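[1] Provide a 3D model corresponding to the input given below.
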Amino acid sequence: MKFCFVILHYRTLIETKECLQYLKGLDNQNDIQIIVVDNGSKDGSLKVLADNMKEESNILFVEAEYNVGFAKGNNLGYTIAKYKYQAEYIVMMNSDVFIQQKEFIRLIEEIYGQTNFDILGPDIITKTDEHQNPLMLVHDNIGRINKTIFLNRIRFMATFLPFDLKRLFKNPKKSNANIKVQPNPDFRVQVENCPLHGACLIFSGNFVSLHEFPFYPDTFLYGEEDILYYLGQKEKEKFVYSPLVEVLHMEDAATNICFSDYKKKKRFITKHSSKSLKVLKELMKRSK
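    Numbering: from 1, shown residues only. Now for the predicted structure:
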């Protein structure tokens, strides 16, 4: 199979259903296999999806026994795409990412022909019209990682204070203003060798042929793209951002379902973000 789309699903029935509908509307359907990995939802949503799509021969539903996290859940789907379907390209995407460009596959092939990319990031546009790619390079050394972990500790403790903290968390870039980072590249132009947002990543055959899985498996959630970029730079892999391919990202669909309370959600995010940064820090220490 030429293209495999791996969708990580966790209790987001409405979003996953819409995501699949958009994928079924893409051109080149004969070149497409879709793999939906249910990350231990246990809410019946997988059965509903499977029943709704039972006539679709190119959709495979896979169920994890429990929530194994973002990295391992995606790695499961990637492994199936690589070995069961011998995919030339593997597109990893969140269930709340919608591909509205019917010519999405043709565009990816054209970009590959021009750049020979290992990993491609599309223009990821949120429902508030923000562009999430390309990412700024923030955590490129241990000192900056330690600063973010320290700030996360403060943010975590602040959630137990008896007043509204939304203004404190509203713009994390301002909270990290003392950390010098590379300027965010213009989303309107193609950029090479930059970090890419994890909501949608396209891996070419160059990458797939060399790697058993895309994501370092020791994280649960958040920070996977930092580690992917760090390891990719060490192996001289080519990261490309292209504004020619676009996706819509509804953002935080699964997290919002799990956490209706704002403070509990921020505790979850800061806790797992720091854990992932500690994994990255250990990788950096080992390479010295």
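
[2] does anything pack onto the helix or strand containing Lys278? Which helices or strands?
    Per DSSP states H and E: Lys278 is located in helix 262-287. Judged by 3 or more CB pairs under 8 Å, 6 or more residues apart in numbering; DSSP states H and E, helix 262-287 is in contact with helix 142-158, helix 224-234, helix 253-258. Yep, even glycine has a C-beta here, placed from its N, CA and C like the rest.

[3] tell me the most buried of these?
    Per residue and on average, the most neighbours among these fall to helix 224-234, with a mean of 19 (mean count of other CB atoms under 10 Å).

[4] helix or strand right after that one?
    Past helix 224-234, the next helix or strand by DSSP H and E is strand 239-249.

[5] average pLDDT across that following strand?
    Averaged over strand 239-249, pLDDT sits at 97.

[6] next, the angle from that strand to helix 224-234.
    Angle of strand 239-249 versus helix 224-234, following axes from the mean of the first three to the mean of the last three CA atoms, to 10 degrees, is 160 degrees.

[7] contacting residues around stretch 217-231?
    69-72, 75, 119, 135, 137-140, 195-198, 201, 214-216, 239, 269, 272-273, 275-277, 279-280, 283-284 (CB atoms under 8 Å, 6 or more residues apart in numbering).

[8] by mean pLDDT, flag the weakest helix or strand of the protein.
    Ranking every helix and strand in the chain by mean pLDDT, DSSP states H and E puts helix 172-175 at the bottom, with a mean of 43.

[9] follow the chain on from that helix and name the next helix or strand.
    Taking DSSP H and E, what comes next after helix 172-175 is strand 191-192.

[10] follow-up on the earlier one: buried subset of the contacts of stretch 217-231, written for PyMOL?
    Here is the PyMOL command that selects the buried residues among the contacts of stretch 217-231 (16 or more other CB atoms under 10 Å):
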select buried, resi 69+70+71+72+75+119+135+137+138+139+140+195+196+197+198+201+214+215+216+239+269+272+273+275+276+277+279+280+283
